[in-house]
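A.B. asks: Could you look at this predicted model? Sequence included:
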Amino acid sequence: MKKILIFIIFISFISFSQNKQVLYDFAGLPQTLMLNPGAEANFKYHAGIPLASGISADIGSSNVVLSDLFLNDNIDFNDKISTVINQLSERDHIKMNAQIEVLNAGFRLNDKTYLSFGFYEEFDAIAYFPKDIAILLNEGNAAYLNRSFSLSQLVFKLDLIGVLHAGISRQINENFNVGARFKIYSGTLNARTNNNSGTFTTVLGENNIYTHYFNNVDVNIESSGIYDNGESIEDASSIITNTFLGGNLGLGLDVGFTYIISKQLEISGSILDVGFISHSNVINNYRAKGSFTFEGINLQYDPTTSTDYWEEIDEAFEAQLPDEENAESYISWRPTKINGALKYSFGERRSRYCYDSTYKDFYSNSFGLQLFTVFRPLSPQVALTGFYERAFSKKLFTKFTYTVDEYSLHNISAGLSAQLGPVNIYGTVGNLTEYLNLAAAKNISFQIGFNLIFN
Amino acid sequence: MNSIFKKLILGLLLISFFSCSEELNFEQADDLEISPIYTSSLVYFTVLPNNFFDDTGVLTNNSITDSTVFRAFENSFFRNNIFLLDLNVECKNEFSRAISIDLEFLDANNNQTYPTIELDIAAGDLDFEHLETILIANNPAFVNTLQVRITTEIEATGAPINSSDTTEFELKSAVTAYINSDI
């Protein structure tokens, strides 16, 4: 139970949507179409190895690492908890994202058009640290007279979805490629709360020693697929069924482009997951709204009336700060992501055999900048990446990135893609330096996959 | 292929496959405890001379009693994890006679869960304070408290008091609960 709680607390601080800075526009991989549907696809058709064409994970914490809590250092664990609570702010969070491509395939419709489609599973979650609530639970209110404990710090979102998608990449002219991907989301599990408000404050009172204020409380927690008639769903078969279009459905769209400014200079960009999920299946929501002031129990000493003071206060609380559970459907917006990149190529010119029996020139080296933004509950999160990509041959590509984001100012990542006949293997590792000590890592990520690519 | 890059790639692969970690001990989570201290107002009241005297100034009832249900210990978290409780009482006696207070804590069968707390507030004492510290280990029945009864008694004889007098006797109280829970 404690380990679960610790895990929840750890998770309760977390993210959506991994920044796949290495994979973006890397080595002409089919998976680049998932990050930019307007990327160029220089092959006839491709098929990802089912369940193995794209496996990725990303976990990060903005201001706490495993060793802060679990290092074997003989420091009292509860002292560590207190230290961590004090060092975190309400903007700190933990993120977790995992994605598995169940199916990914594509084929060339004509010289200018490439179609791709597939299905993937994604889990992502983010929770910000509700510092005031943590202090209230861990230390109580006695030492904090006049402090307003804020309920607005309660912010989290968790999603488990299946995504069926189909995309098109089309060459408009020699220099301009555009693309779009249509997505059908099937939400299996969702829980979220955001835009909460309200404070709890204890002050020295007038009529009694203390007065307690619940001011402008408005807390709304929504969930689907988790609780059914008050019971948590633990039946794996129903969860799996919901994943495959049996659950809460939604629609989404990715769009992107690649524009070749000159032979050596290229700009590209994409907007991903502009979409929503309508949650109407197995809904369990909680809402509390109102204000309440408590001064204690005011004895009346009225011999003519027998008063149930406790019940009166209970009723007043229910009337002024009512809470309820409901099963009203709701809409959740997908965390939209924006990618942008400027790439300059140089060095040795090579030719690559293309789908149309022609050869396409490319440079063996390139460098540039990428910008990634994901819209999170509290604010957009931005990552700026500088990259260097090198092709050692027509079959072997590497890419190195240096990313600055809120988790790290020195995130060095690397990727490798190798083609052995039609078999393509790729892998990327994020935050390489943190692998030297995973216990102290704020953010680690990787992607790996196997494809069959035919030219 | 450039040998530097070969080495670099090999190095990166090695880092990926042979990553390191300081020694961690997740069993520490078993030691997790929370020890919050919560404070809350409890009961309060104000009585006037007319609570004790009739219109002619005759003392009709020198002892009055009121009580309230107290369900805080029905919450299993409080019931099972409280180990100490401070009861703070503050009184302001503007009367020209002394007041005595009996504070009783009763269970569902009206049995006392704690010895009666007797407070004597002298006439004109405006800053009376009392702190009662209740160690649950020594008073395990206290968590069965379901009712708080307060008897307020005015001194039967003494300086004359007019029933229409606006002098007041005030009582305020609060509890501070010390919790220790291994969750």
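C.D. replies: Arrived safely, thanks for sending.
A.B. asks: Go ahead and confirm A:Asp405 touches A:Val382.
C.D. replies: Yes. Counting by C-beta atoms under 8 Å, A:Val382 is a contact partner of A:Asp405 at 7.0 Å. In short, each C-beta sits where N, CA and C put it, glycine included.
A.B. asks: what about the helices in chain B?
C.D. replies: Assigned by DSSP state H, chain B shows helices spanning B:3-17, B:76-81.
A.B. asks: Would you single out the least confident of these?
C.D. replies: Comparing mean pLDDT across the helices of chain B, the weakest is helix B:3-17, with a mean of 54.
A.B. asks: For the nearest residue to A:Asp323 once chain neighbours are set aside, give me the pLDDT.
C.D. replies: The shortest distance from A:Asp323 to any residue other than its chain neighbours is 3.7 Å, reached at A:Ala288 (C-beta to C-beta, 6 or more residues apart in numbering or on different chains). On the pLDDT scale, A:Ala288 is placed at 96.
A.B. asks: Please list all residues in contact with A:Ala288.
C.D. replies: A:Val217, A:Asp218, A:Val219, A:Leu321, A:Pro322, A:Asp323, A:Glu324 (C-beta atoms under 8 Å, 6 or more residues apart in numbering or on different chains).
A.B. asks: So A:Glu222: helix, strand or coil?
C.D. replies: Following DSSP: H, G, I helix; E, B strand; the rest coil, the label given to A:Glu222 is strand.
A.B. asks: Please enumerate the strands of the stretch 101-250 of chain A.
C.D. replies: For the stretch 101-250 of chain A, the strands defined by DSSP state E, counting those that start in this stretch occupy A:113-128, A:148-150, A:156-173, A:176-193, A:197-204, A:210-224, A:227-228, A:231-232, A:248-260.
A.B. asks: which stretches of chain A have low pLDDT?
C.D. replies: For chain A, the stretches flagged by pLDDT under 70 are A:1-18, A:229-246, A:350-361.
A.B. asks: what about the helices in it?
C.D. replies: With DSSP H as the criterion, chain A has helices at A:2-11, A:32-35, A:66-70, A:77-87, A:131-139, A:236-241, A:309-320.
A.B. asks: still on that earlier bit, mind putting the strands of the stretch 101-250 of chain A in a markdown table, distance to A:Asn451 and mean neighbour count included?
C.D. replies: Output for the strands of the stretch 101-250 of chain A, formatted as a markdown table (distance: least, C-beta to C-beta, whole Å; neighbours: other C-beta atoms under 10 Å in any protein chain shown):
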| stretch | distance to A:Asn451 | mean neighbour count |
| --- | --- | --- |
| strand A:113-128 | 11 | 22 |
| strand A:148-150 | 49 | 18 |
| strand A:156-173 | 16 | 20 |
| strand A:176-193 | 17 | 21 |
| strand A:197-204 | 48 | 17 |
| strand A:210-224 | 34 | 19 |
| strand A:227-228 | 39 | 16 |
| strand A:231-232 | 38 | 8 |
| strand A:248-260 | 19 | 20 |
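A.B. asks: Quick one: closest of those strands to chain B.
C.D. replies: Between chain B and the strands of the stretch 101-250 of chain A, the shortest gap by C-beta to the nearest C-beta is with strand A:210-224, which sits at 4.6 Å.
A.B. asks: And the closest one, how far out from the chain middle?
C.D. replies: 26 Å (C-alpha atoms, centre = their mean, to the nearest Å).
A.B. asks: Please see if that strand touches chain B.
C.D. replies: Yes. Part of strand A:210-224 sits close enough to chain B to count as contact by C-beta under 8 Å from any C-beta of the partner chain, namely A:Tyr210, A:Thr211, A:His212.
A.B. asks: Taking strand A:248-260 as reference, get the angle to that strand.
C.D. replies: Using axes from the mean of the first three to the mean of the last three C-alpha atoms, to 10 degrees, the inter-axis angle of strand A:210-224 relative to strand A:248-260 is 80 degrees.
A.B. asks: Quick one: list the elements packing against strand A:210-224.
C.D. replies: Of the remaining helices and strands, those touching strand A:210-224 by 3 or more C-beta pairs under 8 Å, 6 or more residues apart in numbering or on different chains; DSSP states H and E are strand A:176-193, strand A:197-204, strand A:285-294, strand A:330-333, strand B:37-47.
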